[in-house]
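Trainee: Requesting a structural model of the entry that follows:
(4 chains)
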There are 2 protein chains.
Amino acid sequence: MSCAEPKRCHHNQLVNCGDCRLGPLCLPIALNTAEIDQLDDIVKRGRPLGKGEHLFRQAEAFGAVYAVRSGSFKAYSTSDDGTEQVTGFYLPGEILGMDGISSLKHCSSAVALETSTVCEIPFGRLEELSSQLPSLQRRFFQIMGNEITKDQQMLTLLGKNSAEERVASLLLSISSRNHHRNLSPTRFRLSMSRAEIGNYMGLTVETVSRVFSRLQKQEVIGVDNREVEILDMAKLKSVANVT
Amino acid sequence: MSCAEPKRCHHNQLVNCGDCRLGPLCLPIALNTAEIDQLDDIVKRGRPLGKGEHLFRQAEAFGAVYAVRSGSFKAYSTSDDGTEQVTGFYLPGEILGMDGISSLKHCSSAVALETSTVCEIPFGRLEELSSQLPSLQRRFFQIMGNEITKDQQMLTLLGKNSAEERVASLLLSISSRNHHRNLSPTRFRLSMSRAEIGNYMGLTVETVSRVFSRLQKQEVIGVDNREVEILDMAKLKSVANVT
DNA sequence: CGAGTCATTGATGAACTTCAAAGGGAGTGG
DNA sequence: CCACTCCCTTTGAAGTTCATCAATGACTCG
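Mentor: Numbers count the residues shown, from 1 in each chain, chains lettered A, B, ... in the order given. Down below sits the predicted model:
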């Protein structure tokens, strides 16, 4: 993708928080113009990361949280025995890196699943600014609360639900997050592999693949490699066990 | 338990944050004496809750977080179809109720597993005070970060680990939390039922019971109903797959 | 003391994993 | 630009673990 039209390019480093089309999804919600400018001052916009590049690694010192501007990331933690557990996928407008807040060390790693850009928000300065701007403090509490709620929903999913329910839930989650970003909720490209989906959902690659095949045979979804189309949203929701 | 000795009774409502023996585990960490007094002013100490009484219920308006002072709580969420998922157990010194911060509605319920007391911390006033006391703001960010980290470790456990690993991990978690509170890390009474453990760990009652029996037969633990003794800590850790 | 909940144990079966093999796609280097 | 390679994906067959069903025993609390 070329960046001939800076204003519209997703990887453009120059757009500030006030102009960012992700603003309504990201940290600035509920801030007024002056407050957004203050937030903007502490945000660092980095160069794009290529697929496979790390944003941070487990055990590194924690210094900042990151807002995804374009692309997508996978967060995962590595156990002593070397096995990995995917703890989340992050799409544009979402905040990652909060795992390091408690111990000041990251307890997970984050890697780009495709060419991606982020806004880096140094945590120390975010804390300072939060003290001065109650709406920013509230917003950040809210974002952390969201992460907690999301993780607890994942616990329910992993504890109780079948393979089909898990995979269907993931597709619905991505669909809904795309919808919020004004992208198609029914057609999208998965930036993660079957193995990564399986790891995240507590399943093997083979099981994920089989679920995809079954859902396709039932004409609930259409799948072509990583391209997914949701053909029957109602049925997909019933498979996922949500209303 | 009678409260003839108010200073030492766990259910005593009069002890303030500065004198509370749980202080070093709870919110006040990292606050100085004057700051603790300010925190103390917003904390409400309630009457004891009996076993089975709810602290808050799913879908209720969120107004406060709670620090456990004595006893223990179970947090759980209920799906549309009526099934419940336990999302956590909370012991003295731990904070619960943060699930409501993002949407201002509780998305889980909390029930006392035995006679228990809590300190209620109205969230609005906590936010205000956090703006004024950077160390309190930092501490609360840290507590929320802890909750995130804990939930993500649970995700790994549910996604990858066998029944034995899950149950062993829970026992080790309780052991270590008891240890921090200067209680025996090797002998304790479980305040939750096998069904609640199973629900939390994504297992059935029967499986939990069988794991307990197997661990007892291998002389890793001793179990008499809800009384547990860890006989071989090293072996329990190896069963749980931790170092 | 009795009723009901909670815990244990056994037998059976289903869901998912593991092992195995072969068929695409994307990217690279000749 | 094509061919090669590697990784990702799909599909099949066999094996495990845990859930389900069922029955009995133990504890707790009115």
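
Trainee: So what sits opposite the residue nearest to the spatial centre of chain A in the bridge?
Mentor: Centroid check for chain A by C-alpha atoms, centre = their mean gives residue A:90 as the closest residue, at 1.2 Å. Beta-bridge pairing for residue A:90 (DSSP bridges): residue A:73.

Trainee: Per-residue pLDDT of it, please?
Mentor: With respect to pLDDT, residue A:90 scores 97.

Trainee: what sits against it?
Mentor: By C-beta atoms under 8 Å, 6 or more residues apart in numbering or on different chains, the residues touching residue A:90 are A:68, A:72-75, A:96, A:110. Placement of C-beta: from N, CA and C, glycine included.

Trainee: ok, and the closest non-adjacent residue to residue A:203?
Mentor: residue A:163 (5.5 Å; C-beta to C-beta, 6 or more residues apart in numbering or on different chains).

Trainee: shouldn't the one you found be in contact with residue A:206?
Mentor: No. Assessed by C-beta atoms under 8 Å, residue A:163 is found out of contact with residue A:206, at 10.3 Å.

Trainee: who's more crowded, the two?
Mentor: residue A:163 (17 against 11; other C-beta atoms under 10 Å in any protein chain shown).

Trainee: For that one, give me its contacts.
Mentor: A:201, A:203, A:207-208, A:210-211.

Trainee: coming back round to it: for the contacts of residue A:90, which one is nearest chain B?
Mentor: residue A:75 (8.6 Å; C-beta to the nearest C-beta).

Trainee: Could you say whether that closest one sits in a helix, a strand or coil?
Mentor: Under DSSP: H, G, I helix; E, B strand; the rest coil, residue A:75 falls in the strand class.

Trainee: Which helix or strand contains residue A:121?
Mentor: strand A:117-122 (DSSP states H and E).

Trainee: Would you indicate which residues of that strand are buried?
Mentor: A:117-121 (16 or more other C-beta atoms under 10 Å in any protein chain shown).

Trainee: And stretch A:186-203, by the same measure?
Mentor: For stretch A:186-203, by 16+ other C-beta under 10 Å, it's A:186, A:188, A:190-192, A:194-203.

Trainee: what about dumping the CA coordinates of it to PDB?
Mentor: Extracted in PDB, the C-alpha atoms of stretch A:186-203 (Å, rounded to 0.1, in the frame of the first residue of the first chain):
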ATOM      1  CA  THR A 186     -19.900 -10.200   7.200                       C
ATOM      2  CA  ARG A 187     -16.700 -10.300   5.100                       C
ATOM      3  CA  PHE A 188     -13.200 -10.100   6.400                       C
ATOM      4  CA  ARG A 189      -9.800 -11.500   6.300                       C
ATOM      5  CA  LEU A 190      -8.400 -13.300   9.300                       C
ATOM      6  CA  SER A 191      -4.900 -12.000  10.100                       C
ATOM      7  CA  MET A 192      -4.200 -15.000  12.400                       C
ATOM      8  CA  SER A 193      -3.500 -18.600  11.500                       C
ATOM      9  CA  ARG A 194      -5.700 -21.600  12.400                       C
ATOM     10  CA  ALA A 195      -3.000 -22.600  14.900                       C
ATOM     11  CA  GLU A 196      -3.200 -19.200  16.600                       C
ATOM     12  CA  ILE A 197      -7.000 -19.300  16.700                       C
ATOM     13  CA  GLY A 198      -6.800 -22.800  18.200                       C
ATOM     14  CA  ASN A 199      -4.200 -21.800  20.800                       C
ATOM     15  CA  TYR A 200      -6.400 -18.800  21.800                       C
ATOM     16  CA  MET A 201      -9.500 -20.900  22.100                       C
ATOM     17  CA  GLY A 202      -7.900 -23.900  23.800                       C
ATOM     18  CA  LEU A 203      -8.200 -26.200  20.700                       C
END
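
Trainee: Relative to the whole chain's centre, how far out is it?
Mentor: Mean-position distance between stretch A:186-203 and its chain equals 13 Å (C-alpha atoms, centre = their mean, to the nearest Å).

Trainee: Give me the helices and strands touching the strand holding residue A:121, please.
Mentor: The helices and strands touching strand A:117-122, judged by 3 or more C-beta pairs under 8 Å, 6 or more residues apart in numbering or on different chains; DSSP states H and E, are strand A:44-45, strand A:64-70.

Trainee: of all those strands, which lies closest to residue A:20?
Mentor: Set against residue A:20 and scored by C-beta to C-beta, the helices and strands packed on strand A:117-122 come closest in strand A:64-70, at 7.3 Å.

Trainee: The closest one close to chain B?
Mentor: No. Strand A:64-70 lies out of reach of chain B by C-beta under 8 Å from any C-beta of the partner chain, never closer than 10.4 Å.

Trainee: Check stretch A:16-33 too.
Mentor: No. Judged by C-beta under 8 Å from any C-beta, stretch A:16-33 and chain B are separated, with a smallest distance of 11.8 Å.

Trainee: for the lengthiest helix in chain A, what is the average pLDDT?
Mentor: Criterion DSSP state H: the longest helix present in chain A is helix A:134-160. Mean per-residue pLDDT for helix A:134-160: 95.

Trainee: how about that helix: buried residues?
Mentor: A:136-149, A:151-160.

Trainee: so which of those residues are also by chain B?
Mentor: A:137-138, A:140-149, A:151-152, A:154-156, A:158-160.

Trainee: show me which of the buried residues of stretch A:186-203 neighbour DNA strand D.
Mentor: A:194-195 (C-beta under 7 Å from any atom of the strand).

Trainee: ok, so of the buried residues of stretch A:186-203, who is nearest residue B:172?
Mentor: Closest to residue B:172, out of all of these and judged by C-beta to C-beta, is residue A:202, at 20.9 Å.

Trainee: The closest one contacts residue B:156, doesn't it?
Mentor: No. Counting by C-beta under 8 Å, residue B:156 is not a contact partner of residue A:202; they are 9.3 Å apart.

Trainee: For stretch A:105-113, report the contacting residues that lie outside it.
Mentor: Contacts of stretch A:105-113 (C-beta under 8 Å, 6+ apart): A:49-62, A:66, A:71-78, A:87, A:89-90, A:96-97, A:99-100, A:191-192, A:196, B:149, B:152.

Trainee: which intervals of chain A have sub-threshold pLDDT?
Mentor: Low-confidence segments of chain A (pLDDT under 70): A:1-13.

Trainee: could you redo the last one with a cut-off of 90?
Mentor: Residues of chain A meeting the criterion pLDDT under 90: A:1-15, A:21, A:23-24, A:30, A:46-47, A:80-82, A:242-243.

Trainee: can you list the domain ranges for chain A.
Mentor: A:23-153, A:160-240 (automatic domain parsing).

Trainee: can you pull out the helices in chain A?
Mentor: Going by DSSP H, chain A shows helices at A:33-42, A:123-132, A:134-160, A:163-180, A:194-201, A:205-217, A:233-240.

Trainee: State the number of residues packed around the closest residue to residue A:168 other than its chain neighbours.
Mentor: Distances taken as C-beta to C-beta, 6+ apart put residue A:240 closest to residue A:168, at 3.6 Å, once the chain neighbours are dropped. Residues contacting residue A:240 under the criterion other C-beta under 10 Å number 20.

Trainee: go on, residue A:25?
Mentor: 19.

Trainee: so how far is stretch A:211-219 off the chain centroid?
Mentor: Using C-alpha atoms, centre = their mean, the offset of stretch A:211-219 from its chain centre is 26 Å.
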